[in-house]
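S.K.: After the sequence you'll find the predicted model.
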Amino acid sequence: MTSYQLFTETTVESVTRYITIFLPTIGSWMALRLDMIVFIHSFAWIFLLSSAIPSLILGKGRGVLVQFSVCLTLAFLAFVVQDVVTDQTSGTFNQILGIAQLFQNPLLATAYLSIPYLLMVGFDIRGKRKIENVKAVERETNDYPEDTFLMEDDFAEEEKIQEEELVYSH
């Protein structure tokens, strides 16, 4: 999460400059709203991680308060790590910021910005396939057709009618 927050602004600026070359009107509109665009892309990554990590840690049967606590802890840790990294003037921080120059390339920047969206689409497709597979297995393992139980009800009704006929015929 921290690396995404550190590089998102660089990648958005790079893509905006590239778009400005070919579509100046859209590029200038994006430049005026750079903070909003950075927020949206940062939010996408944070949303993805805050949705995926708690489900991996806690499983599917998690409560809302527990998920909120885990997400809040992750967000807090991301900001703490970012503050620690930016406060340090060591070689490690300079190396991390050196990677940011790679994202001056608009193609790499676009690929980097699209990662959370591609993962979200992948998770959705995977989830839908799992649901379809479960339904297919349920259909295959169902030994009794649905109308079998209806036939049992029909036999019960027929027996009742026969009993009534016997009662009225005597």
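M.R.: Thanks, I have it.
S.K.: switch to C-alpha atoms for all contacts and neighbour counts from now on
M.R.: Will do.
S.K.: can you count the residues close to Val38?
M.R.: Neighbour count of Val38, defined by other C-alpha atoms under 10 Å: 20.
S.K.: repeat for Leu74
M.R.: Other residues lying near Leu74 total 18 when counted by other C-alpha under 10 Å.
S.K.: thought it was touching Ser51?
M.R.: No: if you go by C-alpha atoms under 8 Å, Leu74 and Ser51 don't touch, sitting 10.9 Å apart.
S.K.: need the helix or strand of the protein with the lowest average pLDDT.
M.R.: Least confident helix or strand, the chain: helix 146-169 with a mean of 60, by mean pLDDT, DSSP states H and E.
S.K.: helices or strands next to the helix or strand hosting Lys130 in the packing?
M.R.: Using DSSP states H and E, Lys130 sits within helix 106-141. Counting contacts by 3 or more C-alpha pairs under 8 Å, 6 or more residues apart in numbering; DSSP states H and E, helix 106-141 packs against helix 2-22, helix 34-58.
S.K.: Quick one, which of those helices gets closest to Ile99.
M.R.: With C-alpha to C-alpha as the measure, helix 2-22 is the member of the helices and strands packed on helix 106-141 nearest Ile99 (8.7 Å).
S.K.: Pull the residues that contact the closest one.
M.R.: With contacts defined as C-alpha atoms under 8 Å, 6 or more residues apart in numbering, helix 2-22 is touched by 26-28, 30-31, 34, 37-38, 41-42, 45, 78-79, 81-82, 100, 103-106, 109-110, 112-113.
S.K.: ok, now stretch 126-146?
M.R.: Residues contacting stretch 126-146 (C-alpha under 8 Å, 6+ apart): none.
S.K.: which parts of that stretch are buried?
M.R.: For stretch 126-146, a neighbour-count test (16 or more other C-alpha atoms under 10 Å) marks nothing as buried.
S.K.: before we move on, back to that, what angle sits between the helix holding Lys130 and helix 34-58?
M.R.: Interaxial angle, helix 106-141 versus helix 34-58 (axes from the mean of the first three to the mean of the last three C-alpha atoms, to 10 degrees): 40 degrees.
S.K.: Make 500 the first number, not 1, from now on.
M.R.: Right, with 500 as the first residue, what we last looked at is helix 605-640.
S.K.: Tell me the buried residues within the contacts of helix 501-521.
M.R.: Among the contacts of helix 501-521, the ones that count as buried by 16+ other C-alpha under 10 Å are 526, 529-530, 533, 536-537, 540-541, 544, 577, 581, 599, 602-603, 605, 608, 611-612.
S.K.: Low-confidence bits of this structure, can you list those?
M.R.: By pLDDT under 70, the weakly predicted segments of the chain are 500-504, 553, 556-563, 577-578, 581-596, 640-669.
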